[in-house]
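**Student:** Starting from these lines, generate the structure:
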Amino acid sequence: MRSPEEYAAGYLKGARNIPHDRIGAKIAAVVPDKSAQVILYCRSGRRANTALETLRAMGYTNISNFGGLEDAQERLGLPVVTE
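**Tutor:** This next block holds a predicted model:
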């Protein structure tokens, strides 16, 4: 959900970056199982919420918005990677 600049500045280890405005077209290639866990985060959680609604409308059932990078990092305990 993070912009390319935000993603390059820091992301959670193992994260896949799909822009919120392209998630509908790209998610099936990354997560084909609509019952698989999908955790979303962005800078503040707003774009992640937009993506969550898109995924919900597509039939994904196990999706969560963890807010911003720091919130997601705290909840998941994963390291932040920078490029």
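**Student:** so Val80 sits right up against Gln73, yeah?
**Tutor:** Yes: between Val80 and Gln73 there is a contact under CB atoms under 8 Å: 5.7 Å. Every C-beta, even on glycine, is put in place using the N, C-alpha and C of the backbone.
**Student:** okay, those two: which has more neighbours?
**Tutor:** Gln73 (18 against 14; other CB atoms under 10 Å).
**Student:** how near is the more buried one to Tyr41?
**Tutor:** For Gln73, the distance to Tyr41 equals 9 Å [CB to CB, to the nearest Å].
**Student:** cool, and Ser35?
**Tutor:** Taking CB to CB, one finds Ser35 at 20 Å from Tyr41.
**Student:** Show me what the longest helix along the chain is packed up against.
**Tutor:** For the chain, the longest helix by residue count, based on DSSP state H, is helix 46-57. Judged by 3 or more CB pairs under 8 Å, 6 or more residues apart in numbering; DSSP states H and E, helix 46-57 is in contact with helix 23-30, strand 38-42, strand 63-68.
**Student:** ok, and which of those has the densest surroundings?
**Tutor:** When the helices and strands packed on helix 46-57 are scored by mean count of other CB atoms under 10 Å, the highest mean neighbour count falls to strand 38-42 (a mean of 22).
**Student:** Could you list the paired strands of that strand along with their orientation?
**Tutor:** strand 63-68 (parallel) (DSSP bridges).
**Student:** chain center to the strand it pairs with, what's the gap?
**Tutor:** 7 Å (CA atoms, centre = their mean, to the nearest Å).
**Student:** Stretch 21-39 too?
**Tutor:** Relative to its parent chain, stretch 21-39 has a centroid offset of 10 Å by CA atoms, centre = their mean.
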